[in-house]
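A.B. asks: sequence and predicted structure below; questions after.
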Amino acid sequence: MTGPAPVARLTVLAPDGAPEITAGDDLAAMVADLFDLEDGDVVAVTSKVVSKAEGRVRAGDREGALAGETVRVVARRGPTAIVRTHHGLTLAAAGVDASNVATGHVVLLPADPDASARMIRRRLTELTDRVVAVLVTDTAGRPWREGQTDIAIGAAGLRVLESYDGRTDPHGNPLTVTAPAVADQLAGAAELAKGKLAGRPFAVLRGRADLVLPVDEDGPGATALLRPEHADMFGYGAREAVVRALAGDPDAQAGFGAPAQADEVVAALVELTGTRPLVDEGDVVVEAPDPRVAWLVGVAAYAHGWEVVATAGEESTVRLRCLRLRT
């Protein structure tokens, strides 16, 4: 007779009792008082209390604080601005928050969430002598789905991605691009227990000790989850991408990602002009006797990371050459 089947279990603890956080507070000491930590625990800390403890509260409103936290605007719809922050995060209002703070003030994101996570982890090790991981979490929307969920914006002592590359499924099929963002999954699970209005900024997740790194290894941090500009297929909103492409500002080109392959450029030009360009020694050669066609070619080239070079002596012919992506 066989025994019961093995059970996978993830436990999330988020007790009441955390005080109001002010600048200079020792968050790790609060966590140590609230929890009896075990080796392999993952401690999730809401970014807002990290920011408060680090003195990131400012007088003013969200709109006033937005510019200083923004590298570039990704999309804007009415009063809502989705921006890329100096952290490399893409968030509504740059993560600037006016809730759970005194009227007339806002809370900015931590200046370096990974560093914040490392500091809390080191302090917890001193206080408890436990090997734990730390997540700094914040709320974010998703471009293809309604609603928001918490994500990890800072991490220490955790494998933030669990790569399945090189493994096979039960049917023998190879897994090549499967890489669950386990740090984000844990952040979302922690938020279910913490809640938005319950005053529980700390949570402990127990059951994934396999993801926790040794005490002397902080890991890559949540920075490893950030998609770089050149790899982002959604660097602008739909409207913003059209305007940027038509304007052709070289400083805005990075938002369109890395330069496209020649066959992608050819396919786009076929759709726009109805004629198939030639590929000659890496250049894309286009017949453009009509000024409107030449203009369309220039717009398409910009959006695909290419430049237009007129061929001497052949006014109706233009060549496209790949540009190195601006950084």
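C.D. replies: Yep, that arrived.
A.B. asks: all contacts plus neighbour counts: C-alpha atoms, from now on.
C.D. replies: Noted.
A.B. asks: can you list the domain ranges for this structure.
C.D. replies: 11-56+110-226, 238-322 (automatic domain parsing).
A.B. asks: of those domains, which is nearest residue 82?
C.D. replies: Proximity to residue 82 (CA to CA) singles out domain 11-56+110-226 among these, at 9.7 Å.
A.B. asks: helices of the stretch 151-300 of the chain, start to end?
C.D. replies: Here the stretch 151-300 of the chain has its helices, by DSSP state H, counting those that start in this stretch, at 182-194, 238-247, 262-273, 291-303.
A.B. asks: deepest in the core, which of these is it.
C.D. replies: helix 182-194 (a mean of 22; mean count of other CA atoms under 10 Å).
A.B. asks: which elements pack onto it?
C.D. replies: Secondary-structure packing of helix 182-194 (3 or more CA pairs under 8 Å, 6 or more residues apart in numbering; DSSP states H and E): strand 11-13, strand 133-142, strand 145-156, strand 202-206.
A.B. asks: got the angle for the third one vs strand 133-142?
C.D. replies: Using axes from the mean of the first three to the mean of the last three CA atoms, to 10 degrees, the direction of strand 145-156 lies 160 degrees away from that of strand 133-142.
A.B. asks: now the helices and strands packed on helix 182-194 in CSV, with mean pLDDT?
C.D. replies: Shown next, in CSV, are those (pLDDT from 0 to 100):
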stretch, mean pLDDT
strand 11-13, 97
strand 133-142, 96
strand 145-156, 96
strand 202-206, 98
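A.B. asks: how about these in JSON lines, adding mean neighbour count and distance to residue 230?
C.D. replies: Shown next, in JSON lines, are the helices and strands packed on helix 182-194 (neighbours: other CA atoms under 10 Å; distance: least, CA to CA, whole Å):
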{"stretch": "strand 11-13", "mean neighbour count": "16", "distance to residue 230": "37"}
{"stretch": "strand 133-142", "mean neighbour count": "25", "distance to residue 230": "20"}
{"stretch": "strand 145-156", "mean neighbour count": "21", "distance to residue 230": "20"}
{"stretch": "strand 202-206", "mean neighbour count": "24", "distance to residue 230": "34"}
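A.B. asks: among those strands, which is nearest residue 227?
C.D. replies: Between these, strand 145-156 lies closest to residue 227; by CA to CA that is 12.6 Å.
A.B. asks: circling back: check the domains of the chain for me: which has the lowest mean pLDDT.
C.D. replies: Mean pLDDT across the domains of the chain is lowest at domain 238-322; the value there is a mean of 87.
A.B. asks: neighbours of residue 163, just the number please.
C.D. replies: 16 (other CA atoms under 10 Å).
A.B. asks: ugh, wrong one, residue 157
C.D. replies: Neighbours of residue 157 (other CA under 10 Å): 27.
A.B. asks: that older thread, out of the domains of the chain, nearest to residue 4?
C.D. replies: It is, among these and with distance given as CA to CA, domain 11-56+110-226, at 18.8 Å.
A.B. asks: let me see the contact set for residue 189.
C.D. replies: Residue 189 sits next to residue 12 when contact means CA atoms under 8 Å, 6 or more residues apart in numbering.
A.B. asks: same thing with residue 43?
C.D. replies: By CA under 8 Å, 6+ apart, the neighbours of residue 43 are 132, 133, 134, 135, 202, 203, 204, 205.
A.B. asks: likewise for residue 127?
C.D. replies: Counted by CA under 8 Å, 6+ apart, residue 127 has contacts 29, 32.
A.B. asks: host element of it?
C.D. replies: If you go by DSSP states H and E, residue 127 is part of helix 113-128.
A.B. asks: quick check: residue 230 touching residue 252?
C.D. replies: No. Using CA atoms under 8 Å, residue 230 is not in contact with residue 252, being 12.0 Å away.
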